[in-house]
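1. fold the following, please.
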Amino acid sequence: MDFPEHHPTSTGEFIVTEDVINDYNEWGFILVINLLDKQEIELLRETIETDDGIQGACDGRADGEQRKIRVTVWKNAIDDVTGMIARSEKIAGTFQKLLNDEVYHYHGKLIMKDAKTGGAHIWHQDYGYWYNNGFLFPDLGTVFIPIDDADRENGCLKFIPKSHKAGRIEHLIVGGQAGADTERVAYLQDALGLCHVEMKAGDVLFFHSNLLHRSEQNHSERRRWAYLIAYCAKSNTPPEVDFRTRYSHLDLVPNSAIKECQPAVPTRESRGFFSQADISASLKGLRAIH
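-> Numbers count the residues shown, from 1 in each chain. Take a look at the predicted model:
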């Protein structure tokens, strides 16, 4: 299924027009082609690959299909390339306009689908389990930035377009993941269709927390790594918070800060990695399927 694509200006800025906001509200996502340029994506790739903390904190999550996907999650947008991207006007500033509110950094995440072994992410809504962290409304969203080209062969994202309009769907635990009710997913796919979102490194996807999405196992010879940033609207701060969900003002930086920031050697404490217990808390109360 075809869907709208958007583009930055010749100077690399992204202007959130009324059409952009309308597309986000209608489709549940917007895709911006080449929002990060070659130098910015290379700096991100180098930072991710050389940060021993990110690699060391990864957790393998079973997909219920005999494979695992490697994931690392952290709280803080620190002063390295990952943090500058998360705080930049063209990323965080765009989501502020899409959500029509100040946003804060809920978490950063690296998803690693390695060549031939990378597992699937089953059908789910992010709010399907973020709900269990105390957020009262689905006024959250995710930015998906492929570090490697993502296509059908190595497990690109799939969306059920406009499914965010269905509201939050019941979720169950499948393997080590939260998955949406499969019967409801099938009905929605029949009604709304399916989008395969193939992306080049540097393309950037912004999507709603109630949008149903999935990605398949990676059977290819190529890895598929991606950097994800989750934002929450300030007005949606949970009434009871812990370190994962608390509001912290996000100081936005100009886009030039991505290339200008100095290499950093973050500690585990400065990045604020989520433990397995922190991640499992999001699944609390969900019924497991064996």
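2. quick one: the strand or helix carrying residue 86 to chain centroid distance?
-> Assigning secondary structure by DSSP states H and E places residue 86 in helix 81-87. Put simply, helix 81-87 sits 14 Å off its chain's centre (C-alpha atoms, centre = their mean, to the nearest Å).
3. what packs against it?
-> helix 38-50, strand 103-113, strand 224-233, helix 257-260 (3 or more C-beta pairs under 8 Å, 6 or more residues apart in numbering; DSSP states H and E). C-beta coordinates here come from the backbone N, C-alpha and C atoms, glycine included.
4. what would those look like in TSV with mean pLDDT, distance to residue 135 and mean neighbour count?
-> As requested, those are exported to TSV (pLDDT from 0 to 100; distance: least, C-beta to C-beta, whole Å; neighbours: other C-beta atoms under 10 Å):
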stretch	mean pLDDT	distance to residue 135	mean neighbour count
helix 38-50	96	27	17
strand 103-113	96	9	23
strand 224-233	97	7	23
helix 257-260	96	29	16
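5. dump the ones you listed into TSV; add distance to residue 250 as well.
-> Shown next, in TSV, are the helices and strands packed on helix 81-87 (distance: least, C-beta to C-beta, whole Å):
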stretch	distance to residue 250
helix 38-50	18
strand 103-113	5
strand 224-233	8
helix 257-260	13
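6. circling back: what's the following helix or strand after the helix holding residue 86?
-> helix 94-99.
7. I'd like the mean pLDDT over that following helix, please.
-> The average of the pLDDT scores along helix 94-99 is 98.
8. may I see the buried residues of that helix?
-> Within helix 94-99, the residues scored as buried using 16 or more other C-beta atoms under 10 Å are 94-99.
9. do the same with stretch 263-280
-> So for stretch 263-280, counting by 16+ other C-beta under 10 Å, buried means 264, 266, 270-274, 278-279.
10. got a list of what the nearest residue to residue 266 once chain neighbours are set aside touches?
-> Closest residue to residue 266 apart from its sequence neighbours, by C-beta to C-beta, 6 or more residues apart in numbering: residue 78 at 5.3 Å. Shown in contact with residue 78 (C-beta atoms under 8 Å, 6 or more residues apart in numbering): 264, 266, 270-271.
11. for residue 147, phi and psi?
-> Torsion angles at residue 147 (phi, psi; degrees, to the nearest 10) stand at phi -80, psi -30.
12. isn't it up against residue 225?
-> Yes - using C-beta atoms under 8 Å, residue 147 is in contact with residue 225, at 4.4 Å.
13. identify the contacts common to the two.
-> residue 48.
14. picking up where we left off before, in which helix or strand does the residue nearest to residue 266 reside?
-> Under DSSP H and E, no helix or strand contains residue 78.
15. distance of it relative to residue 48?
-> Distance of residue 78 to residue 48, computed by C-beta to C-beta, to the nearest Å: 13 Å.
16. torsion angles phi and psi at residue 172?
-> Phi and psi for residue 172, reported as degrees, to the nearest 10, are phi -130, psi 160.
17. tally of neighbours for it?
-> 18 (other C-beta atoms under 10 Å).
18. how about residue 235?
-> 13.
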